[in-house]
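Asker: Sequence isn't available, so here's the structure alone:
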C-alpha cells in the first residue's frame, strides 16, 4: 500500500517554508508566522537587513530560521558533515530520524541558486518531498538514499531532523554502554554538541555570505545593464543629430544650387533682351 504524505508545493521563494511543513507533515507554519519568527532571531550586525529572510519577505530563509522552526515543534536538528556520509547509517539506526533537511547551492554564470528540500523517512523507506515536484518520490531504502545524495553531494548541505521525544531513550542506551566513566561520556556529548553547533553556524554564515555576494552581483549586473542602456540611448541620439545635420547640409546645398540656377537664368534673359 502506497504511503500518503502531506506534500506542500513551493510558492515564490518559500521552499524553506514548504520543507519545514513537509517534514512536520502539516501546515504548521505560514509565510506570516515564519516571517514573524525571522524577526525574533538575532539580525546580522551593522546592517538593516534581516538575513534570516529576504528583504521583501518572500522567503529565501536561512538555515538558522528553519532549524529554529523545527525545534519549536518538538524536533531536534543537527548539522551533518557530508564528508562523513558513511556515518549516516549509524545515526539512522540509533535514533528516530524524521528525515533530512537539505540545502542545494549551485553557482551560476549570472545568478546563484539556493534551494531547500526535505527527504522524509517512514518505515525504513525514504521519500523526496521537494516542493518543486508535482508528486513526491519514493527513493527506496537507505542504499538508494545514499545513491541519490552522492549524485550532487558537492552542492549539498545536510541537516538531520530527529524526534526529540526519543532522545532520552537513546541517551539512556549510551549511558549504559559507558556506565564505567559517566563523566567522560558527558564531556564527549558536550563536545559533539559544540562541534555540531560550530559546523552548523559556519555553514549558515557561508550561506549568508553567498547570498550577500549574489545580491552584490545582481546589483552590479543591473548597474552594467543600465549603463549599457544609457550608452545606447546616447549613441542613438548622436546618430539622430548627425542624420539631422547631414539632411540640413544637403538642403543648404540644394538651396544654393537653386539660387545659382535662378541667377544663371536671370543673366541669360538679360543677355537675350540686350
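Answerer: It's in. Everything numeric here is computed off the predicted structure, so don't read it as measured data. Numbering: from 1, shown residues only.

Asker: where are the low-confidence patches of the stretch 101-250 of the chain?
Answerer: 108, 110-111, 165-214 (pLDDT under 70).

Asker: What are the boundaries of the strands in it?
Answerer: 113-122, 125-128, 137-140, 156-163 (DSSP state E, counting those that start in this stretch).

Asker: In TSV: the ones you listed, plus mean neighbour count and distance to residue 91.
Answerer: All C-beta atoms are positioned from the backbone trio N, CA, C, and that covers glycine. Converted to TSV, those look like this (neighbours: other CB atoms under 10 Å; distance: least, CB to CB, whole Å):
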stretch	mean neighbour count	distance to residue 91
strand 113-122	21	11
strand 125-128	20	14
strand 137-140	16	17
strand 156-163	20	6
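
Asker: Adding distance to residue 83, write those out as TSV.
Answerer: Output for the strands of the stretch 101-250 of the chain, formatted as TSV (distance: least, CB to CB, whole Å):
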stretch	distance to residue 83
strand 113-122	19
strand 125-128	21
strand 137-140	21
strand 156-163	11
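
Asker: so which of those comes closest to residue 30?
Answerer: Judged by CB to CB, the one of the strands of the stretch 101-250 of the chain that comes nearest to residue 30 is strand 113-122, at 16.4 Å.

Asker: ok so, going back, so which of the strands of the stretch 101-250 of the chain comes closest to residue 217?
Answerer: strand 113-122 (12.6 Å).

Asker: Tell me the strands beside that closest one, with direction?
Answerer: strand 97-106 (antiparallel), strand 125-128 (antiparallel) (DSSP bridges).

Asker: Distance to residue 255 added to those strands, as a markdown table?
Answerer: A markdown table is the format used below for the strands paired with strand 113-122 (distance: least, CB to CB, whole Å):
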| stretch | distance to residue 255 |
| --- | --- |
| strand 97-106 | 66 |
| strand 125-128 | 79 |
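
Asker: who's residue 128 bridged to?
Answerer: When assigned by DSSP bridges, residue 128 has beta-bridge partners residue 119, residue 137.

Asker: Could you check how far it is from residue 25?
Answerer: 15 Å (CB to CB, to the nearest Å).

Asker: One more: residue 228?
Answerer: 49 Å.

Asker: Counting neighbours, go ahead and name the busier of these two.
Answerer: residue 25 (16 against 10; other CB atoms under 10 Å).
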